[in-house]
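*Asks:* quick one: sequence plus predicted model below, questions after.
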Amino acid sequence: MWFIQPKQDYVAQMPWKHTDEPAVMTWQIRARDYYTLPANILFFVMFFISLGVGSWLFMIENSLLPSLLGGGGMFLFGVLITMSMTHQTAIIVYRLTDKRIEVFSWKPQIDSVKPVMKWTAIVSGIAVVIASIINPSFIIAGIGPIGIGIMAALMGTSKNYQSLVRDDQYHEIDWLHAEDIVVWRRRRLIGLRFTWHNEDGTHYSVYSKVYCRDYNFDEVLDFIRQQLPDAPYREAKLRVHSHFATLS
């Protein structure tokens, strides 16, 4: 359900923890917050498989309408299901202050699944009732709409379940301590490198991710560079992971 998602302004709704620090900038963005190359390859593979199956169904039918419904329907169904797996997005909301960047993020797909399931249960339930009036043996089919309705209700009331499937996250980026800045302009992504030290004496470095919109990319980048004049700066491709990024 990647294509049926609510659009609204979330900035004012977020429970920001550092409201005592005046906001320099706030923005939100919808992004594919993961390494997209494998997902894109999978999409094209499944696209051609769906196209092949759809073409086969189109050719085996003798009349035009069944061919279009069968072949076209199978192709469209396959593409939409594939995109729901390979093109999932996250909503990310940022609040930039003079000291840090606060970040809230979640996957909004669950917000669209619930209403779709609810209306599927209602419409299919009505269809079962009508069919049962004609033939009482169809009453057994009511198990399907009832099950879908129960699942939709549980999804709407279980906060733990919603938090799990939405992958709700909050974190802070103390950007004034960034060691260097990497910019990947194609994805309007700013990477801020930090080094983490373990108790056993080992350490590792990763980049915190800051996705920008078209209209504020240069503004955010200019502000960070002005505040970090000594931090090395370069433009390069970043490999995006769930919680961080690394240089490709």
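*Replies:* That came through, no problem.
*Asks:* show me the helices in this protein, by range?
*Replies:* Ranges of helices within the chain are 36-60, 64-67, 73-86, 109-134, 143-157, 159-166, 217-227, based on DSSP state H.
*Asks:* isn't Ile181 up against Gln227?
*Replies:* No: under the criterion of CB atoms under 8 Å, Ile181 is not in contact with Gln227, lying 10.6 Å apart. In short, each C-beta sits where N, CA and C put it, glycine included.
*Asks:* more crowded one of the two?
*Replies:* Taking other CB atoms under 10 Å, Ile181 and Gln227 do not tie; Ile181 has more neighbours (21 against 14).
*Asks:* identify the bridge partners of that one.
*Replies:* Note on Ile181: beta-bridge partners by DSSP bridges are Leu192, Tyr233.
*Asks:* ditto for His171
*Replies:* Val103.
*Asks:* tell me the centre residue of the chain?
*Replies:* Thr89 (1.8 Å; CA atoms, centre = their mean).
*Asks:* which non-adjacent residue is nearest that one?
*Replies:* Arg30 (4.9 Å; CB to CB, 6 or more residues apart in numbering).
*Asks:* returning to what we had before: what pLDDT is listed against the residue nearest to the centre of the chain?
*Replies:* In this model, Thr89 is scored at 85, pLDDT.
*Asks:* mind listing what's buried along stretch 179-194?
*Replies:* Neighbour counts using 16 or more other CB atoms under 10 Å place 180-184, 187-194 of stretch 179-194 among the buried residues.
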